[in-house]
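**Q** what follows is a protein structure lacking sequence information:
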C-alpha cells in the first residue's frame, strides 16, 4: 500500500532517519566532462567538470604567426585561433584588430598572397590531420574558395611564386603517392597544372624561380646530413645537378641572386654548422659568406631588391637575427629584436621592412616587423595569455650533464614557482624528430604544472638533436639508437644530484620520436620513474617502417636504419619497446591520432594491448579526427584534462577516488 504523507510529515520522517541509513542514500554525482564521439577513451577515469574551470586560464592562450605581407599595402596575413582551429586573419596595421578570413573546421597551414595586387591568397588544408594537404585559392573580393589541387590522397604544398607573380611551382605526390614531383600552375586556372619534373622519392621541393622565370632551383632532401640541389628548366623539365651527388653535405634556403648568376643558400660544407654561402652557377663553387658564427644558420631570405639577406641563427636554442649586405659582404646583428625563437621571416615588397614572429617563455608566438634602415622593431600582434601574468611565468635555465661516454648533454630546465618548497617532482619531456631540438618557448598548458602543481619540467636535447653540429646529430643513427636512451639515464642521475628535485617522482613524456624515447625509457628505467606519457610514439621500428606513408619511408630509413636488412631488423626486434613491455610495471598513458600518417595508430594500439596483457596500468586516448598530435582545441583540452588526472594520481601520488572510467 502506498502511503501519502504531507510535506511536514515527510520532513519529520527524514529527520528521524538513522544516520546509517542516511549515509546509504544516493549522493548527487559531480558533473563530468564526457568524451565526444570523435574520442576513443580507454582506462581514463571520469574527468570532473570542475577541472575545466580550475585550469581555464592555462587553456585559453593564443598565438599568431606571420603568413604574408600584402603586396601593395602595409598590412599582413596571419594565422591564429579564435575558435577551435587556427585560421587565416588579416591585420591592417600594427596593433589593429584581427579580421578572420577563413572559417573551416580544419586548421589552415599558412597562406600566401597573389604577389602583384593581392586579388587572392592561397592556402593549404588537410582533413583530420591526415597531412594530405590540398591547395586552395580564396578570392579577397568575395571570399569564394576554389580547390586547385587534385583533392585526393596526395600531398600538395611548398608553393613558390614566379618572379612575375603569375604562376606557382609546388610539389605533389599525386602521381604515385610516394614520389614528390614538381608542378607549375596558374592559380586562376587549375587545369593549367603541368608536371615539370618527375622524380623518385618524397624529399623533393621547389626553392626558388630564376629572375627571368625560365629556371627553378629544386632540392632533394635525403637526410638531415645530406641533400642535393638541381637547376630545372621550366619549359623542358631538364635538370642539371648543382652540387656533387657523392658529397654528404646539407643545403637549405636556396634563392637566386638578383642577377641570376648564382644562388644564396645555407650549407655545412667544411663546417659542423650550416653557414650562409653563395653558389656560383658558372663554376659550381660554393663560397661561405659568414664564417665567424659557430652556430647553425637555420633560415635565410633575400630581399626583393637583392641587396640584403636576412638570416637567423640558432645559438644554443635561442634565435639571433642578422642582416647581410650583399655589396659590402658584411653582416650585422639586430639586437633590438626580442629574445626568443624567431620564425616566419618574410620581406615586405619594398625591401625596407622585414616581418617575423617571436616566441619565448613569457609570450606565445607574436608577429613583429623590423625597419632595416633604422633598426626600429614594431609589434603587430599581442596574443592573449588567457589571464596569466607574463611576469609569473617561468623562464628556463640551461642544464648540463655528462652522459655514459663522457659527452655533454644539455636541456632546458623550467623551475616551478618559488612558493613551492622541498624536493619537487619532475616531468622530463623529450622532443620529436629525432632531427629536432627543444627550445626555450612558451609553455602554454604546461605552465599549470609549474605554477599550480610545483612540478619542474626539463626538456633534454639528447644526442641526435639538431643545433649542436652535424657530428652530434649522427650519434644516434641506426644501431646507435639506444645511446640516446642512455642520455636519459644520465639525466636521471643528474636529477638525483639536485637538492631541489625529487628523483623518486619523475614522469617521462614525449611525442613522435620523443614518444619512442618515452616507451624505451619506460622499460629501461622502470625502477627509476613513477609513470610515463607516450604521444604518437613508435613502439617497434619494423612495424613503423612497414606502415608509415610511402612518401616518407626512405627518409626515415636514412635515420633509423633499413628494416629490410636482417641485422637491422633483428636489432629493431631486440630493442623494440613492444617486445620489452613486460619490463614496464609503472603506469602509462598513450595518446594517438586516428589519422596519423607518420606514426600510424597501430603503433599505439599494439603497445596498449601488450601492456594490458602484463596487467600494468595503462590509459589510452585516441582522436579519430586528428593526425600526428592534436591540433583542435577541444581535443587538446580533453587531452590536457586527462593528463592532469594522470599526473596527480601517478606522479604526485594524490588519492584517486574510485570512479567509473570515461571509456568510449
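**A** That came through fine. Please read all numbers here as calculations on a predicted model, not as lab measurements.

**Q** need the nearest residue in space to residue 504, chain neighbours excluded.
**A** What sits nearest to residue 504 in space, not counting adjacent residues and going by Cβ to Cβ, 6 or more residues apart in numbering, is residue 530, at 7.7 Å. In this view, the C-beta of every residue, glycine as well, is placed from N, C-alpha and C.

**Q** from residue 428, how far out is the one you found?
**A** Look at residue 530 and residue 428: by Cβ to Cβ, to the nearest Å, they are 11 Å apart.

**Q** what's the burial count for the residue nearest to residue 504?
**A** Counted with other Cβ atoms under 10 Å, residues neighbouring residue 530 total 20.

**Q** what sits in contact with each of residue 530 and residue 428?
**A** In the contact map built from Cβ atoms under 8 Å, 6 or more residues apart in numbering, the residues linked to both residue 530 and residue 428 are 506-507.

**Q** circling back to that earlier point, for the residue nearest to residue 504, what are phi and psi?
**A** Torsion angles at residue 530 (phi, psi; degrees, to the nearest 10) stand at phi -90, psi -40.

**Q** tell me who's in contact with residue 33.
**A** Residues touching residue 33, when contacts are defined by Cβ under 8 Å, 6+ apart, comprise 47-49, 51-52, 638, 641, 662.

**Q** which of those residues scores worst on pLDDT?
**A** Checked by pLDDT, the contacts of residue 33 have residue 662 as the lowest-scoring entry (53).

**Q** show me where the stretch 101-250 of the chain has strands.
**A** Shown for the stretch 101-250 of the chain, the strands assigned by DSSP state E, counting those that start in this stretch span residues 111-113, 120-125, 134-139, 145-147, 156-161, 168-172, 181-186, 189-197, 204-209, 215-223, 226-233, 239-241.

**Q** so how far is the third one off the chain centroid?
**A** In this case it means strand 134-139. 24 Å (Cα atoms, centre = their mean, to the nearest Å).

**Q** buried residues in that strand?
**A** Burial within strand 134-139, assessed by neighbour count using 16 or more other Cβ atoms under 10 Å, is assigned to 134-138.

**Q** how about the last one?
**A** Of the residues in strand 239-241, those scored as buried under the neighbour-count criterion (16+ other Cβ under 10 Å) are residue 239.

**Q** so after that strand, what's the next helix or strand?
**A** Read in the C-terminal direction, the helix or strand following strand 239-241 is strand 251-256, with elements assigned using DSSP states H and E.

**Q** so residue 608 sits in a helix?
**A** Yes - when DSSP: H, G, I helix; E, B strand; the rest coil is applied, residue 608 is found to be in a helix.

**Q** tell me the bridge partners for the residue nearest to it when sequence neighbours are not counted.
**A** Spatial nearest neighbour of residue 608, chain neighbours left out: residue 620 (4.9 Å); criterion: Cβ to Cβ, 6+ apart. On DSSP bridges, the residues paired with residue 620 through beta bridges are residue 42, residue 590.

**Q** for the stretch 551-664 of the chain, what are the low-confidence residue spans?
**A** Low-confidence segments of the stretch 551-664 of the chain, defined by pLDDT under 70: 655-664.

**Q** hey, what's residue 66 bridged with?
**A** Residues in a beta bridge with residue 66, per DSSP bridges, are residue 78.

**Q** from residue 309, how far out is it?
**A** For residue 66 relative to residue 309 (Cβ to Cβ), the value is 18 Å.

**Q** so who does residue 385 touch?
**A** Taking Cβ under 8 Å, 6+ apart as the contact definition, residue 385 lies against 61, 363-364.

**Q** quick one, what contacts the residue nearest to residue 504?
**A** Listed by Cβ under 8 Å, 6+ apart, the contact partners of residue 530 are 425, 504-507, 586-587, 650-651.

**Q** same thing with residue 547?
**A** Listed by Cβ under 8 Å, 6+ apart, the contact set of residue 547 reads 600, 602-603.

**Q** who wins for neighbours among the residues you listed?
**A** Neighbour counts for the contacts of residue 547 (other Cβ under 10 Å) peak at residue 603, which has 29 neighbours.

**Q** which SS state does it fall under?
**A** Secondary structure of residue 603, reduced to three states by three-state DSSP: helix.

**Q** isn't residue 561 up against residue 542?
**A** No - in this structure, residue 561 sits apart from residue 542 without contact. The criterion is Cβ atoms under 8 Å, and the distance is 10.0 Å.

**Q** gap between the residue nearest to residue 608 and residue 536?
**A** As for residue 620, its distance to residue 536 is 12 Å (criterion: Cβ to Cβ).

**Q** check which helix or strand residue 639 maps to.
**A** According to DSSP H and E, residue 639 maps onto helix 633-646.

**Q** which outside residues touch that helix?
**A** The set of residues external to helix 633-646 that reach it, using Cβ under 8 Å, 6+ apart, is 33, 35-36, 38-39, 41, 44-45, 47, 51-52, 55, 58-59, 81, 83-85, 445, 448, 531, 533, 587, 589, 591, 619, 621, 623, 625-626, 630, 656.

**Q** separate out the buried members of those residues.
**A** Neighbour counting over the contacts of helix 633-646 (16+ other Cβ under 10 Å) leaves 33, 35, 38-39, 41, 44-45, 47, 51, 55, 58-59, 81, 84-85, 445, 448, 531, 533, 587, 589, 591, 619, 621, 623, 625-626, 630 as the buried ones.

**Q** give me the subset of these that lies in strands.
**A** Using DSSP state E to define strands, the subset of these located there is 33, 39, 41, 47, 81, 531, 533, 589, 591, 619, 621, 623.

**Q** pick the one among the contacts of residue 385 closest to residue 335.
**A** When the contacts of residue 385 are compared for distance to residue 335 (Cβ to Cβ), residue 363 wins out at 17.9 Å.

**Q** for the closest one, what are its contacts?
**A** Residue 363 neighbours (Cβ under 8 Å, 6+ apart): 338, 340, 383, 385, 390, 442.
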